[in-house]
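**Q** Fold the following for me, if possible:
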Amino acid sequence: MFGVDHRSLGLICVLLLVFIILQHITITAERDLIKSYKNTVEEFNQTNSLQDEKHQLQNNFSSLKKLELETRVTSLSWFFMSNELKSWSDSRQYCRDRGADLIIINTEEKQRFISSLTKERVWIGLSDTEQEGNMTWVDNSTLKNGFWLKGEPNDYGGDEDY
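**A** Alright, predicted model coming up:
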């Protein structure tokens, strides 16, 4: 038979053991590297997802702020009170020449506000010139309720159109 030296056999076993250990270390390192890569990819995807979500939220916020601003601007009312004495028709034409119209008072709060500005008589955008006895506002809406003195509007003397 072959004559194998026990020392050679021992050396082969040691080399084989070292090779197995190195293979184990290499495989473990590669597995850890793959796990690290997967974690990095997941974090990257989450970051991108969060950034997309952030951009979406920023867009939604911007849209809401714009809508809120537009709503506030739309709900703003500008009032102009002239010191000139004019008829209802002349006062309305004066307003219309400037892109406005006589005021429509459709809330008690607005009535109180206008009343707080002056104690003088003022023209408002209500008349029955189109159809006697049928009071309508300048935007053609009908008078639903008013905030008048008792019995008003009453067409005083049969000729109170405004």
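
**Q** give me every residue that touches the residue nearest the centre of the chain.
**A** Nearest to the mean C-alpha position of the chain, counting by C-alpha atoms, centre = their mean, stands L64 at 1.6 Å. With contact set as C-beta atoms under 8 Å, 6 or more residues apart in numbering, L64 has no partners. Placement of C-beta: from N, CA and C, glycine included.

**Q** Start at 4, not 1
**A** In the new count, where the first residue is 4, that last one comes out as L67.

**Q** Tell me which helix or strand it sits in.
**A** helix 9-78 (DSSP states H and E).

**Q** Helix or strand next in line after that helix, which one?
**A** Next along from helix 9-78, by DSSP H and E: helix 91-100.

**Q** Tell me which residues of whichever helix or strand comes after that following helix come out buried.
**A** Beyond helix 91-100 in the direction of the C-terminus, DSSP H and E gives the next helix or strand as helix 111-120. Across helix 111-120, burial judged by 16 or more other C-beta atoms under 10 Å covers Q114, I117.

**Q** which residues touch the next helix or strand along the chain from helix 111-120?
**A** Using DSSP H and E, the helix or strand that follows helix 111-120 in sequence is strand 129-130. When contacts are defined by C-beta under 8 Å, 6+ apart, strand 129-130 is touched by residues W91, I107, I108, M138, T139, W140, V141, L146, P156, D164, Y165.

**Q** Try it again at 6 Å.
**A** M138, W140, D164, Y165 (C-beta atoms under 6 Å, 6 or more residues apart in numbering).

**Q** you'd agree the second one is up against I107?
**A** In other words, W140. Yes - in this structure, W140 is within contact of I107 by C-beta atoms under 6 Å, at 4.6 Å.

**Q** joint contacts of these two?
**A** With C-beta under 6 Å, 6+ apart as the test, W140 and I107 both reach G128.

**Q** Flag the shaky bits of the chain, pLDDT-wise.
**A** 4-7, 74-80, 160-161 (pLDDT under 70).

**Q** quick one, domains of it?
**A** Following automatic domain parsing, the chain resolves into domains at 4-79, 91-161.

**Q** wait, which of those is closest to S85?
**A** For the domains of the chain, proximity to S85 was assessed by C-beta to C-beta; domain 91-161 is nearest, at 7.0 Å.

**Q** Report the distance from the closest one to the chain centre.
**A** On the basis of C-alpha atoms, centre = their mean, to the nearest Å, domain 91-161 sits 34 Å off its chain's mean C-alpha point.

**Q** No further queries at this time; thank you.
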